[in-house]
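In: can't give you the sequence, but here's the structure:
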């Protein structure tokens with residue numbers, strides 16, 4: 001038995017939520033275990049709560065910190081759910097904690113036929129969630145294109161902590177070593193948001209669909225025929241992504257960092273592919289600095305990852321947010337500009353059904369052909385893509401077959417890792433940020449924050465601005 005306190009997850013954080021999977025995968029990797037026992041099986045209902053009564057943000061925060069061993073850590077990584085952030089955390093021996101999490105209220109006997117219905121029901125349920133969870137911001141995300149017609153009656157909310165939750169603060173005080181770094185990694189992307197007269201904001205679709213807003217708006221009308229008319233007659237504006245970290249939480253982190261003597265680093269990305277490329281490049285350099293080839297690549301996708309086996313086998317990880325044409329195109333651009341890999345293991349996550357943004361399976365096949373010796377795309381994916389759902393255990397089975405690369409590279413020094421990210425001039429990274437403990441006003445844009453040696457990675461890669 002390992003030393004993790006594997007208490008059951010709260011009812012509102014079930015199954016296939018990335019926030020849950022990434023906490024569990026990181027905790028397992030830090031304790032020397034893979035994800036073969038990670039039960040997030042293919043049933044979508046595993047991520048649906050019975051009602052708002054079970055939505056408890058404090059319980060989610062308590063559960064998240066409770067997954068980690070009673071150890072002192074050199075750093076703590078928090079932020080938006082991103083597979084590359086998980087690999088970064090494991091590389092430096094740090095826990096990963098989410099700053100937001102999704103809640104799905106099952107709509108077995110409900111079907112939305114108009115955008116008005118979506119927003120109205122979202123306001124009703126969102127108000128109830130807020131009445132029980134005053135410390136969060138609630139964003140409704142209605143995405144029938146991605147979820148499919150069968151689940152078009154579900155209400156999906158992303159709860160973002162507005163301030164640092166108490167369990168996180170206690171964790172930082174008790175488990176972070178003196179002088180240890182706090183690393184916040186946040187999604188800086190934007191997406192159009194409806195701002196009705198109520199406390200809950202609503203968005204239709206998201207960046208993870210792999211489409212621009214005009215493309216999504218025009219394509220989703222098969223499910224919501226009145227959406228075009230709705231957005232023409234209601235207030236909406238570009239706003240932060242549903243997984244974005246809220247300014248109040250970042251301000252609390254910096255205040256604690258100043259008080260306790262912890263440097264606070266914020267890494268921001270506009271596109272998921274930007275952070276994936278940065279972490280992949282840093283991993284390759286780190287492996288080579290410790291006499292590893294760094295020539296074997298694992299292209300992971302969505303829930304299909306296992307940071308333990310990536311580190312055990314000395315693999316370079318590149319994480320795709322979803323199985324969309326956009327995500328695969330970004331991976332292809334990165335591979336085309338990188339030194340060739342001798343072996344590439346592909347793990348495309350089937351989305352469960354097809355839609356206009358989903359990458360054709362042949363695109364994944366072509367991506368594997370960037371390898372100079374072996375590009376692997378297992379029969380499991382051939383059979384499942386795109387209509388079935390796979391689990392994290394499927395990734396563990398595949399990556400677990402990769403040979404050991406002994407001795408394993410040591411846990412990376414936090415400062416050295418950040419220096420690697422800063423030094424990748426080929427990727428046009430810009431380093432700006434706030435000094436530790438800076439109390440900038442809420443909503444202060446990243447560009448106006450003062451530069452510091454440990455600050456904000458604002459962009460990674462030329463031409464990777466927000467889609468819209």
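Out: Cool, the structure landed. The structure displayed is predicted, hence computed values, not measured ones.

In: Where do the strands of the stretch 1-150 of the chain begin and end?
Out: 73-79, 96-98, 100-105, 136-142 (DSSP state E, counting those that start in this stretch).

In: In CSV: the ones you listed, plus distance to residue 321 and mean pLDDT.
Out: No exception for glycine: its C-beta is placed from N, CA and C like everyone else's. As requested, those are arranged in CSV below (distance: least, CB to CB, whole Å; pLDDT from 0 to 100):
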stretch, distance to residue 321, mean pLDDT
strand 73-79, 14, 98
strand 96-98, 15, 98
strand 100-105, 14, 94
strand 136-142, 14, 95
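
In: which one of these lies closest to residue 290?
Out: Closest of the strands of the stretch 1-150 of the chain to residue 290 is strand 73-79, at 17.4 Å (criterion: CB to CB).

In: quick one: low-confidence ranges for the stretch 251-400 of the chain?
Out: Judged by pLDDT under 70, the stretch 251-400 of the chain has no weakly predicted residues.

In: For the longest strand that the chain contains, buried residues please.
Out: Ordering each strand of the chain by length in residues (DSSP state E) puts strand 176-187 first. Neighbour counts over strand 176-187 (16 or more other CB atoms under 10 Å) mark 176, 180, 181, 182, 183, 184, 185, 186, 187 as buried.

In: Now distance to residue 161 too, for the residues you listed, in JSON lines please.
Out: Output for the buried residues of strand 176-187, formatted as JSON lines (distance: CB to CB, whole Å):
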{"residue": "176", "distance to residue 161": "18"}
{"residue": "180", "distance to residue 161": "21"}
{"residue": "181", "distance to residue 161": "20"}
{"residue": "182", "distance to residue 161": "15"}
{"residue": "183", "distance to residue 161": "17"}
{"residue": "184", "distance to residue 161": "12"}
{"residue": "185", "distance to residue 161": "15"}
{"residue": "186", "distance to residue 161": "12"}
{"residue": "187", "distance to residue 161": "14"}
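
In: and of those residues, the nearest to residue 127?
Out: Within those, proximity to residue 127 (CB to CB) peaks at residue 187, which comes in at 25.5 Å.

In: how much space between the closest one and residue 321?
Out: 10 Å (CB to CB, to the nearest Å).

In: likewise residue 237?
Out: If you go by CB to CB, the gap between residue 237 and residue 321 works out to 24 Å.

In: Which one's more surrounded, these two?
Out: Between residue 237 and residue 321, counting by other CB atoms under 10 Å, residue 321 is the more crowded of the two (27 against 10).

In: my guess is the more buried one meets residue 206, correct?
Out: No - contact criterion CB atoms under 8 Å: residue 321 and residue 206 do not qualify, at 9.9 Å.

In: neighbours of residue 419, just the number please.
Out: Residue 419 has 12 nearby residues by other CB under 10 Å.

In: nope, residue 7 is what I meant
Out: The burial count assigned to residue 7 is 10, neighbours taken as other CB under 10 Å.

In: hmm, back to that, any chance of a markdown table for the strands of the stretch 1-150 of the chain, columns distance to residue 372 and mean neighbour count?
Out: Shown next, in a markdown table, are these (distance: least, CB to CB, whole Å; neighbours: other CB atoms under 10 Å):
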| stretch | distance to residue 372 | mean neighbour count |
| --- | --- | --- |
| strand 73-79 | 33 | 24 |
| strand 96-98 | 33 | 27 |
| strand 100-105 | 40 | 25 |
| strand 136-142 | 41 | 25 |
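
In: Pipe these into a markdown table and attach distance to residue 158 per row.
Out: Shown next, in a markdown table, are the strands of the stretch 1-150 of the chain (distance: least, CB to CB, whole Å):
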| stretch | distance to residue 158 |
| --- | --- |
| strand 73-79 | 14 |
| strand 96-98 | 11 |
| strand 100-105 | 5 |
| strand 136-142 | 5 |
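
In: hey, what's in contact with both of residue 187 and residue 321?
Out: In terms of CB atoms under 8 Å, 6 or more residues apart in numbering, residue 187 and residue 321 are both contacted by the residues 82, 272.

In: what are the pairing partners of the longest strand of the chain, and which direction each?
Out: strand 73-79 (parallel), strand 264-269 (parallel) (DSSP bridges).

In: Tell me which residues are up against the longest one.
Out: This means strand 73-79. Residues contacting strand 73-79 (CB under 8 Å, 6+ apart): 85, 88-89, 92-99, 168, 171-172, 175-177, 180-187, 245, 253, 267, 411, 414.

In: Just want the angle from that strand to strand 100-105.
Out: Angle of strand 73-79 versus strand 100-105, following axes from the mean of the first three to the mean of the last three CA atoms, to 10 degrees, is 50 degrees.

In: Tell me, how many residues neighbour residue 369?
Out: With other CB under 10 Å as criterion, residue 369 counts 11.

In: so what's the backbone phi/psi at it?
Out: Main-chain torsions, residue 369, degrees, to the nearest 10: phi -80, psi 0.

In: That one reaches residue 363, doesn't it?
Out: No - using CB under 8 Å, residue 369 is not in contact with residue 363, being 10.9 Å away.

In: Residue 286 in helix, strand or coil?
Out: Assigned by DSSP: H, G, I helix; E, B strand; the rest coil, the conformation of residue 286 is helix.

In: Give the helix, strand or coil label for the residue lying closest to it once chain neighbours are set aside.
Out: Closest residue in space to residue 286, ignoring its immediate chain neighbours: residue 412 at 5.6 Å, by CB to CB, 6 or more residues apart in numbering. In three-state terms, and counting by three-state DSSP, residue 412 is coil.

In: how about residue 412, what does it touch?
Out: Applying CB under 8 Å, 6+ apart, the residues near residue 412 are 91, 92, 93, 286.
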